[in-house]
Every structure is written in C-alpha cells, then in structure tokens.
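Asks: with the sequence up front, the predicted model follows.
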Amino acid sequence: MPEYLLRIRRFDPKSGEAAYWDEHTVELGARNSVLDAILKVRDEVDGSVGIRCSCQQAICGSCGVRMNGKPGLACNTHLEDAAARIHGTGWNETQNGDGEGTHEGVIEVEPMGNIPVIRDLIVDMDAVHWKKIQRVTPFLINKQPVPEREYIVPHENMVDVTQTMACIQCGACVSDCLSMEIDPLFIGPAALSKAYRFVGDPRDAEHFERLKDLSEDEHGIYDCTHCFNCIDACPKEVAPMSQIMRLRRLAGTDEKIVDRNNGQRHEDSFVTLVRDYGLLHEAELLPRSFGGNSWFGKFHPAAGRVLLKSLGAIVPAVMRGKVKIKTAIFGHKIPKSDLDAVQKLYKKVEDRPERVELNLYVSGYEDDPEPAPVAAGAGAGSGEEPQSASSESETS
Amino acid sequence: MKVAYWPGCVSRGFTPELHGSMAKVAPLLDLELIELDRAACCGAGVIAEHNQELADSLNARTFALAQQTDGELMMNICSTCQGAQSECQERLDANADYRAVINQNLADEGLSYKKGLTNKNLLWLLVEEIGLDTLTAKVKRPLTNLKVGPFYGCYIVRPVHRLQIDAEHPRDRYMQMVIEALGGTVIDYAGVYKCCGFPIITMNMDASLKMAGRHIGDAIDADADCLVVPCPLCHLNLDLQQPLASEAVGRELGLPVLHLPQLVGLALGLEPHELGMSKHVVRPTSVIDWSASVVAGAPA
C-alpha cells in the first residue's frame, strides 16, 4: 500500500501560537481520499486535528480544504491526485525524483483561503461565505398573485438555472477568488451564482431589482476579474464565473442598467469600438467607460478625472513612443471590406429577436470535445472547399 | 514552420513592441508568419459577455481565415486571445448544429469554420512545436544570472480542462521551462498564476492596481530582475500602469516587464533596442545592463 506524507497546517487562533505543519505518514490506497487520510490521523494518532466533515460523498460540502495549493473537497480528492499536484494550475504527473516544486507522495492540507480560520482546517463559513449568500436575497420572491395551485415554469427556464442549483455551498470558489483576495467585500462567486439562480427564475418578482442592485454595488458583478479560479475550484461544475457573466449580460445588455461602476458603459463601449474599427481602439475605451459611449465621452468630467489620474502612465507611454499620438486619436482598423463584413455580421446577430446561445453544461458535447488532431490549418484541415453551413450540419 | 499568425489588437496598439519583437524573433525561430490582418478582435471575453453568438461568430471568422492559409496551425501572442478564442472554439467544436448557425453568419463572405483548428500561443508553440532542445540550440546569449519571474495571465492557464493542461501538456510550467531553456534563472513568487487586474481597471481601478502592485512587489521581494508575460493586457497593467500601481500599494516598484518574444529575442542574440525595450514605461535597465555586459564580454 502506498505511503503518503500528510502535512496538515495546524493553527489555533486562541492559543497565541503561530501556525505550524504537523507531519504524519499514512498508509492508504492511492484511490482513498484525502479525507480518509486526515480522519485516519485524527482517529489513530491525534484526536485534536480540526476538520469539518459529514457525508463523505461530495454532497454536504463540509470538507472544503486546500490540497497542495488547490481548493476542493477532501472527500472526493484521491490521494494520488492530490499528491500529483504541483504549484502550477493543473494536475501534473508527479515527477519522480526531486523535481523542483514537486512532492513525491507529499500532500499539504491547509484551510481554505479568503475565510478566517477557526481551528486547523475548519474555517468560519458564517463570517464570509454565508454572509455573502445572505447578501443576495437567496430565496424566491413570488410574483403576485400566487396561483392557487403550482406555478408552471417552462422547462427551458428550469434547465437554465440547473447549473447553479448544483452548488453544495462548500466555499471552494470563495477560497481562491482573486478579486476577493484584494477586495474582501466582493460579493464573490458562490453568492453571485446563487443570485443567478433567482434572476433566471421566471417566478421571481424582483428580476430587475436584483440586477440593478448587483450592478450598482461597487463590490458586485463588475468586480469579478475573469480569473477562472472559481471554475477550476468548483467540485460540482457550477462555473460561477460563467453565471456572473450571464448576470452582466442580463443587466447590461438586456436591461441596459447603466451602473455607477462603469460596467455597462465598459461593455457597451468595447462592443461598439470593435464594431466601428474591427479592432479594439484602446485609447477610447477608458474615457468612454467613464464618460459615455461616444466620441464625446472623453469630454465628460468623469473621463477627464480618470485621464488626469492616469497621467503618470500616459505621459511616459507617449514620451517613449509606446503609445503613438496618431494611434491614440485614430485607432487602428481592419481593411474596409472586412470591416463592412464584420458590421454586417454584427447587424445580423444583434437584430435577432432572441439571442442564440449554447450552454455546454446543458447541451453536453455532441461529439468529441477535444479538437481533432489534424493540423490547424490553417491548412483547412485538408484543403477542402468551404462547406455550406447546412451541408456541414448534415455531415457532422 | 509556417503559421497563420493572429497578433491581436493590443500588440498593434498600445504594446507595439510586442508585435515588433515577434516579427524580429520569428525568422530566428524558423517561423514564417502569415498575418491574419483581415481578422477582428477576439472580444477578450467582453463581447461574449454581451452576446455569445457575436463573439463566437467573430472568432469563427478568424478561424476560417486561418484555415484558408497554408499555415500548419494558428498562432497567437496574447493569453487573452488564447483564452477567449479557446472558449469560443470549445462551443463551436462541441455542437454541429450550433456550428452551422455560426457558419451561416459567415456565409456572405464565403467563409466557413471547420472543426479542428489548432490555435497555440507562442509559449505553447515554443515547447510543443519547436521544442526546448531546438530552442536551446539557437541561444546565442544565454540568460545566465538573469532572474526572471514568469507571469502567465489567467486566460492561458485556466480553466485547466478547456486549455488541455494535463500530464502530457504541462502548459502551466512552460514559462519556467522556456526561461530555463534560454539559460535564465526562474524566480518563484506568489503572483505567478494570479490576475494582473486589467479586466477591472475601468470598474474598480483601486483593486485592479493593487493586484498589479502586489504581484510586482512579491516578485521584487523574491529578487527578480524582471517579469516575463505572454499577454499584452497583463503588460499594460504591470508595465504601463506600474507607476499608478506603485501608488496604490504604497511602495516603490520599478520592475521591468518583458514580453515573451523579447525575452526569447534577447537570448537569441537580438539587441534590447531592436526588441523595442526602450518603449517600456518601466525602463528595463537591469535587463539592458545585463545584456550589455554579456555583449561586452564582461562577466554577467
């Protein structure tokens, strides 16, 4: 049976002592869980090890920890997988020998991040996670009048919110949220996913109000920095960041809620600039995001203030030729015929009465999600003539 | 090797030294670049946030243009383009009906995306196509004693599954591997895989600049001479905005930030000015002094 060196981060804030690594060697199967190893230590060696757990089947969400730097559930992480993690973001094969940064058979278990530690691996979920969940009014507010019998909800609406309903409130996404690391007041990935569960429910009476609230909060939907950590952290494929982007789409595009955080103006300006130039006109993006989505946006006092604040960056950039005056004023464009094609494409898509979207969580992968191993090609795969969309549909 | 080359927007706008250095480095790597100058912005996740079909159509158009070339694959030099395009491609490749809808949007131009494009950031191409041994063999000026902190940018390392980071493709270690192949010393610090903060610069400037400032400060504390990034948007926050990031975190910074082709170019014998390093907001003095000392034959 393989042997693992389990290093548990021990800390009792009440003791006044510093945190330390508590090392134990455990013999367990490679497909046993990290929780099995922790409980073995607690049961057989040191009963004072603090760990919160219950179902041990990845349902209750109690045993969220960091294992070799990555958040997740201790109960559904195999020892061999945890041991194979190194300080990248992936699941690298353990390098035999003494590859730098790797630990053959060593598993460091720490409490989750962004949440205060109560003791050892137990964190104060009330202080952060549950407080944030409560912030988003995590219950349905019925539209009136309430029907005498049940509400009939269209199937597609319930499927739409299914992904967020898979959340087991373990806090793994909160643990490694990079926005929350800098701004602890950020509502965060778990709570905003929960918000989408009700925003996307047609029975809810406060659809607009919820979106308005989450847009206007300076620690709301526009505080997410697109780092994808929550997507990788989630043991239930909730993809919290994707839910936050859906909230932004509903708030900014559908409801056109112009928020005080520049979120809607930023998105609107970005989309417009790419439509008008084919490429991003960077010099226009900042002033338009603050001052309004038009060429005159830069003359708005809010735009003036941010440009003034940014002089420390703008002046050296211009002086050193990094930013050319001509590029800053006129931007850069793709050729006219291509710009025309892009603008037609915009019109075709934006004129649709309903958006076309594909949610892979719901639809699944029709066929192999991995790109076929043919050369890119660019090569057009094989030099075939372009197929029409319909014929491709028939043959794929 | 011939590749369909997507430079992105920012490398031709606010980071012209990136596009320029790639052009200088390509022949030294035996890369022939077929520039996709007709293609539009990838949307950087923002257009997808606005309208998924629009973002997928714009990128399918780029992919279709790449497929019309005789390049062996498509190459980009921007982590954000890599991530945003991978996201669109995942949907396009996963569902034939959806792909047909998107291709219908391209039909007016006679374009059509066929499933199975290979789109690699320069970083991936260096390791997987050119190979580290070949890269090392091309080195004329080993980066001996240059202490380099890798900064990946989110879009090229997450989500792991979509970006196919696995035991066979440890793409989250490639920067370290390339730095070592060029003879440099890798500096490990807390910010290697964190966010530069750029995506929220207009929404929460204070948090954005603090992110940049904290990572730069961590790299300085770990004794880095410079950072290297495969993403021009990260470069904007880490270099262009560094004076403001310094104010945000209340400490002096002044750490040079190199684009990946600049670091490769230095090792392949190009001069700092040829690589556009004089355009940086934070003068890469430590790097230039070091390269000059090697050129002069002085001990590094």
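Replies: It's in.

Asks: hey, where'd the helices end up in the stretch 201-350 of chain A?
Replies: Secondary structure of the stretch 201-350 of chain A (DSSP state H, counting those that start in this stretch): helices located at A:207-216, A:229-233, A:240-248, A:263-277, A:282-291, A:301-309, A:311-319, A:325-330, A:336-350.

Asks: which part of the stretch 101-250 of chain A gets nearest to chain B, residue-wise?
Replies: Closest approach between the stretch 101-250 of chain A and chain B, counting by C-beta to the nearest C-beta: A:Phe228, at 3.5 Å. Every C-beta, even on glycine, is put in place using the N, C-alpha and C of the backbone.

Asks: ok, now which ones touch the residue positioned nearest the centre of chain B?
Replies: Centroid check for chain B by C-alpha atoms, centre = their mean gives B:Pro230 as the closest residue, at 2.2 Å. Residues near B:Pro230 by C-beta atoms under 8 Å, 6 or more residues apart in numbering or on different chains: B:77-79, B:121-123, B:152-153, B:156, B:175, B:259-260.

Asks: please work out how many residues are found near the residue of the stretch 101-250 of chain A closest to chain B.
Replies: 26 (other C-beta atoms under 10 Å in any protein chain shown).

Asks: quick one: pLDDT of the residue nearest to the centre of chain B?
Replies: pLDDT, B:Pro230: 97.

Asks: now swap in B:Thr285 and tell me
Replies: 84.

Asks: what ranges does chain B have for its helices?
Replies: B:16-28, B:46-50, B:52-67, B:79-94, B:96-106, B:122-125, B:132-138, B:174-181, B:205-221, B:232-235, B:242-249, B:260-267, B:285-295 (DSSP state H).

Asks: could you dump these to JSON lines with mean neighbour count?
Replies: Formatted as JSON lines, the helices of chain B follow (neighbours: other C-beta atoms under 10 Å in any protein chain shown):
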{"stretch": "helix B:16-28", "mean neighbour count": "21"}
{"stretch": "helix B:46-50", "mean neighbour count": "25"}
{"stretch": "helix B:52-67", "mean neighbour count": "27"}
{"stretch": "helix B:79-94", "mean neighbour count": "25"}
{"stretch": "helix B:96-106", "mean neighbour count": "21"}
{"stretch": "helix B:122-125", "mean neighbour count": "24"}
{"stretch": "helix B:132-138", "mean neighbour count": "14"}
{"stretch": "helix B:174-181", "mean neighbour count": "23"}
{"stretch": "helix B:205-221", "mean neighbour count": "23"}
{"stretch": "helix B:232-235", "mean neighbour count": "29"}
{"stretch": "helix B:242-249", "mean neighbour count": "21"}
{"stretch": "helix B:260-267", "mean neighbour count": "28"}
{"stretch": "helix B:285-295", "mean neighbour count": "17"}
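
Asks: ok so, going back, excluding chain neighbours, what is closest to the residue of the stretch 101-250 of chain A closest to chain B?
Replies: B:Arg158 (3.5 Å; C-beta to C-beta, 6 or more residues apart in numbering or on different chains).

Asks: check contacts around the one you found.
Replies: The contact partners of B:Arg158, by C-beta under 8 Å, 6+ apart, come to A:89, A:227-229, A:231-232, B:83.

Asks: next: B:Lys147.
Replies: B:184-185, B:187, B:223-226.

Asks: mark which of these are buried, thanks.
Replies: Those of the contacts of B:Lys147 that meet the buried threshold are B:184-185, B:187, B:224-226, by 16 or more other C-beta atoms under 10 Å in any protein chain shown.

Asks: among those residues, which lie within strands?
Replies: B:185, B:226 (DSSP state E).

Asks: out of the buried ones among the contacts of B:Lys147, who's nearest A:Glu27?
Replies: B:Ile187 (37.2 Å; C-beta to C-beta).

Asks: correct me if wrong: the closest one contacts B:Ala219.
Replies: Yes: under the criterion of C-beta atoms under 8 Å, B:Ile187 makes contact with B:Ala219 at 6.5 Å.

Asks: between these two, what contacts are shared?
Replies: Taking C-beta under 8 Å, 6+ apart as the criterion, B:Ile187 and B:Ala219 both touch B:Gly149.

Asks: hmm, stretch B:83-91 touching chain A?
Replies: Yes: residues of stretch B:83-91 contacting chain A under C-beta under 8 Å from any C-beta of the partner chain: B:83, B:89-91.

Asks: which residues touch that stretch?
Replies: Contacts of stretch B:83-91 (C-beta under 8 Å, 6+ apart): A:228, A:358, A:360, A:369, A:371, B:6, B:42-45, B:48, B:52, B:55-56, B:59-60, B:62-63, B:76, B:98, B:117, B:119, B:154-156, B:158, B:162-163.

Asks: one step back: nearest to B:Pro27, of the helices of the stretch 201-350 of chain A?
Replies: helix A:325-330 (25.7 Å).

Asks: flag every buried residue along the closest one.
Replies: Of the residues in helix A:325-330, those buried (16+ other C-beta under 10 Å) are A:327-328.
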